[in-house]
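>>> Take a look and give me a structure for this.
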Amino acid sequence: MKPPAQTGGGLHRNVYVLALTSFLTDVSSEMLQNVMPLFLMNVLGASTAVVGLIDGVAETTASLLKLYSGQLSDRLGKRKALAVLGYGLSSFTKPLLYFATTWGWVLGVRFGDRIGKGLRTAPRDALIAGSVKESERGKAFGLHRAGDTAGAFTGILLAMIIIWLAQSGKTLLTRQTFQTIALVSIIPALLAVGVLALGAREIEPAKTAAGAGAVPFGTGKAWQSLDPRFRRFLGVMVLFTLGNSSDSFLILLGQARGLNVLQVLGMMLTFNAVYSLLSSPFGTLSDRFGRRRLILAGWLIYGLCYLGFAAASSGWMVWLLMGAYGIYYALTEGIAKAYVADLVPQAQRGTAYGFFNAAIGITALPASLIAGLLWQGLGAWAGFGSAAPFFFGSGLALLSSLLFWRWVK
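Modelled structure (predicted):
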């Protein structure tokens, strides 16, 4: 077996190619994603419950496919082809938002986009994990998350420029502005597919995994074959995710507390700047000091941030808290995926990442539905109003932290 092809930075070229691919994809996605809840409510007149339903259904769709695409990549020993197919499908689906006139249309487009995400995520993560040494996993996933989030930062910045040119400081988003953003988002999406198709290389460990040591196909047998520590970790992650509703509700909270469209995007820009700048250093830190400690720290910060969101009475408070919220993401997103690779062998990683991403995504449906209902229904009835989903999320985060500390060694 040949050693991984490395660049001058010491990591396999796949890590840099996938970081660039994610950068370009997120430039495209975040241009749309961060104005999507505003488009749904300001233009299409949807409720917060509908926003939660769309986000939840979309993520659940992706999650079911992640489960099987990960297993399929283990069986075939081919990660790259599935990743290219997934990125390509998303790239050709998102521009259809230009024609959206009802929330059902938005749901359909998001459904197609998330099918692409479901196909690509587990094989991509397994490709990254298999391209680096164990001592570099945190660094590799941290770099990937940094590229992903830098793309989100750039996408939001481009959306802000378009909004500033099209409608200046108007409080509500207009249809024409949203359509312009949808058209511009096509360019980076297509570039991302080209970079991945031409730049990434299949790796030999993925090929040998198909011949020997791969888990049996099918969810039941595959689940039982995985390390018990991984299964416990995933159980705790599901509980945490149940209180981690879509970030669309944070965007709506900012607007509800007085921020206009440009200010809401400025808030998200701050979040992504913090997330992007800290992801790589925290990932490298996890290689030296252990991933459990950093994940626990991230969950505790999340719980405190959500308490802050519940108590926030003005737009600047929400904006400030979004910066701290970026620290939570930097401490957990890439590091949790590196932790999965620590718990399972190479031949099972596609399957493990499939279960990991699927479980989190499937839980996103009830999480977002609960948040939407708490915001406008139960929360209003109990007197908490828009603070209710954030109290709920904070409580589950603190409970999950305790279980992770005691149960997953």
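>>> What is the neighbour count of I301?
20 (other C-beta atoms under 10 Å). (Glycine included, C-beta is placed from N, CA and C.)
>>> Now do the contacts for it.
A324, I327, Y328, L331 (C-beta atoms under 8 Å, 6 or more residues apart in numbering).
>>> Of the residues you listed, which belong to strands?
Cross-referencing the contacts of I301 against strands under DSSP state E gives no overlap.
>>> Are any of those buried, and if so which?
I327, Y328, L331 (16 or more other C-beta atoms under 10 Å).
>>> could you dump the residues you listed to TSV with pLDDT and distance to A310?
Output for the buried ones among the contacts of I301, formatted as TSV (pLDDT from 0 to 100; distance: C-beta to C-beta, whole Å):
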residue	pLDDT	distance to A310
I327	94	18
Y328	94	15
L331	92	21
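>>> Out of these, which is nearest to L253?
Y328 (16.1 Å; C-beta to C-beta).
>>> Wait, the closest one touches Y302, no?
Yes - using C-beta atoms under 8 Å, Y328 is in contact with Y302, at 4.3 Å.
>>> Number of residues surrounding the residue nearest to A256 when sequence neighbours are not counted?
Using C-beta to C-beta, 6 or more residues apart in numbering and skipping the chain neighbours, the partner closest in space to A256 is S386 (5.9 Å). Using other C-beta under 10 Å, S386 has 21 neighbouring residues.
>>> Next, the contact list for S386, please.
L252, L253, A256, W375, G379.
>>> In ChimeraX, select just the buried ones from these.
Entered in ChimeraX, the line below selects the buried ones among the contacts of S386, by 16+ other C-beta under 10 Å:
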select :252,253,256,375,379
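>>> Output the contacts of S386 as TSV; include the columns distance to G52.
As requested, the contacts of S386 are exported to TSV (distance: C-beta to C-beta, whole Å):
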residue	distance to G52
L252	10
L253	13
A256	15
W375	8
G379	13
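>>> Could I get the full set of helices for the stretch 51-200 of the chain?
80-93, 103-130, 137-167, 175-184, 186-199 (DSSP state H, counting those that start in this stretch).
>>> Of all those helices, which one is nearest L398?
Between these, helix 137-167 lies closest to L398; by C-beta to C-beta that is 24.1 Å.
>>> quick one, the closest one and helix 103-130 angle?
150 degrees (axes from the mean of the first three to the mean of the last three C-alpha atoms, to 10 degrees).
>>> shift numbering so it begins at 135
All set: I'll call the first residue 135, so the last point we hit is now helix 271-301.
>>> now helix 271-301: mean pLDDT?
Mean per-residue pLDDT for helix 271-301: 88.
>>> In CSV: the helices of the stretch 185-334 of the chain, plus mean neighbour count.
As requested, the helices of the stretch 185-334 of the chain are exported to CSV (neighbours: other C-beta atoms under 10 Å):
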stretch, mean neighbour count
helix 214-227, 21
helix 237-264, 24
helix 271-301, 23
helix 309-318, 18
helix 320-333, 18
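>>> As TSV, the ones you listed with distance to F173 would be great.
Compiled in TSV, those are given as follows (distance: least, C-beta to C-beta, whole Å):
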stretch	distance to F173
helix 214-227	16
helix 237-264	8
helix 271-301	11
helix 309-318	5
helix 320-333	17
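>>> closest to T485 out of those helices?
It is, among those and with distance given as C-beta to C-beta, helix 237-264, at 8.0 Å.
>>> For this protein, which residues score under the pLDDT cut-off?
Scanning the chain for pLDDT under 70 picks out 135-144, 302-304, 338-355, 511-519.
>>> okay, which residue is most central for it?
By C-alpha atoms, centre = their mean, the chain has its centre lying nearest to E467, at 7.9 Å.
>>> C-terminal to the helix or strand where V370 lies, what's the next element?
Using DSSP states H and E, V370 sits within helix 362-376. Counting by DSSP H and E, the next helix or strand C-terminal to helix 362-376 is helix 382-390.
>>> Measure how far that following helix is from the centre of its chain, please.
18 Å (C-alpha atoms, centre = their mean, to the nearest Å).
>>> residues touching I385, list them.
Here I385 is in contact with N168, P171, L172, V398, M402 (criterion: C-beta under 8 Å, 6+ apart).
>>> Quick check: which element contains the fourth one?
Following DSSP H and E, one finds V398 within helix 395-423.
>>> List the buried residues for that helix?
Quick answer for helix 395-423 (16+ other C-beta under 10 Å): 395-414, 416-421.
>>> Just tell me which of the helices of the stretch 185-334 of the chain ends up closest to S528.
helix 271-301 (23.2 Å).
>>> how far off helix 309-318 does the closest one point, in degrees?
In terms of direction (the same axes, to 10 degrees), helix 271-301 departs from helix 309-318 by 140 degrees.
>>> for helix 271-301, packing partners?
Packed against helix 271-301 by the contact rule (3 or more C-beta pairs under 8 Å, 6 or more residues apart in numbering; DSSP states H and E) you find helix 147-167, helix 237-264, helix 309-318, helix 395-423, helix 449-477.
>>> Can you tell me which of the ones you listed is nearest to V184?
Of the helices and strands packed on helix 271-301, nearest to V184 by C-beta to C-beta is helix 237-264, at 5.4 Å.
>>> And that closest one, what does it pack against?
Against helix 237-264 (3+ C-beta pairs under 8 Å, 6+ apart) you get helix 147-167, helix 182-210, helix 214-227, helix 271-301, helix 338-345, helix 449-477, helix 483-507.
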